[in-house]
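*Asks:* Compute the structure for the input listed below.
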Amino acid sequence: MTRILALETTCDETGVAVLERTGGPGSVPRIMANIVASQHDLHRRFRGVVPEIAARAHLRALLPVIEEALASSQTRLDQVAAIAVATRPGLVGSLIVGLAAAKGLALALDRPLVAYDHLEGHLYAAQMAFPDEPLYPCVGLVISGGHTHLYECASPLDARLLGGTIDDAAGEAFDKVASLLGLPYPGGPAIEVAARSGNPRAFDFPRALIRDPRLALSFSGLKTAVLYALRDQVGPHQVPPPALVADLAASFQAAVVDCVTAKCRQALDASSATRLCVGGGVAANAALRAALAEMTAERQLRLAIPPIELCTDNAALGGIAFTKLDAGLTAPLNIDVQPGLIRSGTPA
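*Replies:* Here you go, the predicted structure:
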């Protein structure tokens, strides 16, 4: 039995998990505790994440969340075999807070430090959700507030970027459109709720690059189309009626789902993989989950999406650290954060 303590501070969620593996190398860990302190209330009035506020909130929350995770899992610090932390990609200040804490714990406890890629962790969450079924190799989709990218994954630590958004991430587009419609932050859940009573065919919004042979997505023009449609209906600075908000939300959501589903289909058609693994906060969207389920069922392919609590940012993504430990990939204490998207398949 081996337990690790994993930290997640890539954006605006302070996450700490205790993960345990009872099997040998290659076996999938189980979650003993997975505690998340959300910052949504802090960022809501700005309708988006403010990096400085996020970093300071991590500083306040991290030690109490560590204590809660240890208590919840009935784990003492001396029982922890390694410290795992996400070091890329993300907000610089937020990443530094988590890495500094992880380095301190590793040094004080004389335990190995494992640095993992947040996006690879999102995809590995699908494997953790289905521990008895090998999911690699697969095509991986990470779709969140900061990322919308497709990968060819030979293994948990070998993810080759196939393509993705050339401007906004899908989650960012949800947040911006929600703001236009007067809906609360975060925009993804608010758009989904509003869309339930709307007509997804009320507005014929563009599906940019949907027939382009490149594995590329674009959502900036879609946001602009929503803005112009809103102005055409009610004029600038006017409050739209609820029925109009519902139709705009439903039509926008349908356009995003169509584009993402089409690019997943394109990636699968070009790959020998028989599985599609999906991770990231936008993977919690019911319309997207249903569309991907229908598309993969038509092709008799396996779709693996973790439960919603493992889609959003959380430290259980650090379960991938066991795979890195198996490969001897520990990190030196002078490792630094790498906030940008890593485009190679090179492990951290």
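*Asks:* Tell me which stretches of the stretch 51-200 of the chain form helices.
*Replies:* 51-72, 92-109, 118-129, 170-180, 187-195 (DSSP state H, counting those that start in this stretch).
*Asks:* from the ones you listed, which stretch is densest packed?
*Replies:* helix 118-129 (a mean of 26; mean count of other CB atoms under 10 Å). C-beta here means a position set from N, CA and C on the backbone, and glycine is covered the same way.
*Asks:* who does it touch, helix- and strand-wise?
*Replies:* Contacts defined by 3 or more CB pairs under 8 Å, 6 or more residues apart in numbering; DSSP states H and E place helix 118-129 against strand 80-88, strand 138-143, strand 148-155, strand 158-165, strand 275-279, strand 302-304, helix 308-311, helix 320-326.
*Asks:* picking that back up, now render the helices of the stretch 51-200 of the chain as CSV, adding distance to G318 and mean pLDDT.
*Replies:* Below are the helices of the stretch 51-200 of the chain laid out as CSV (distance: least, CB to CB, whole Å; pLDDT from 0 to 100):
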stretch, distance to G318, mean pLDDT
helix 51-72, 11, 97
helix 92-109, 10, 98
helix 118-129, 6, 96
helix 170-180, 21, 96
helix 187-195, 23, 97
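*Asks:* just to revisit the earlier point, looking at the helices and strands packed on helix 118-129, which is closest to T2?
*Replies:* strand 80-88 (4.8 Å; CB to CB).
*Asks:* Please identify the deepest-packed of the helices and strands packed on helix 118-129.
*Replies:* The most buried one of the helices and strands packed on helix 118-129 (mean count of other CB under 10 Å) is strand 138-143, showing a mean of 28.
*Asks:* Columns distance to L268 on top of the helices of the stretch 51-200 of the chain, output as CSV?
*Replies:* Shown next, in CSV, are the helices of the stretch 51-200 of the chain (distance: least, CB to CB, whole Å):
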stretch, distance to L268
helix 51-72, 35
helix 92-109, 32
helix 118-129, 15
helix 170-180, 18
helix 187-195, 24
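*Asks:* V239: which of those helices is closest?
*Replies:* Of these, the one closest to V239 (CB to CB) turns out to be helix 170-180, at 11.9 Å.
*Asks:* Show me what the closest one is packed up against.
*Replies:* helix 187-195, helix 220-234, helix 242-269.
*Asks:* could you give the angle of it to strand 158-165?
*Replies:* On the basis of axes from the mean of the first three to the mean of the last three CA atoms, to 10 degrees, helix 170-180 is oriented at 30 degrees to strand 158-165.
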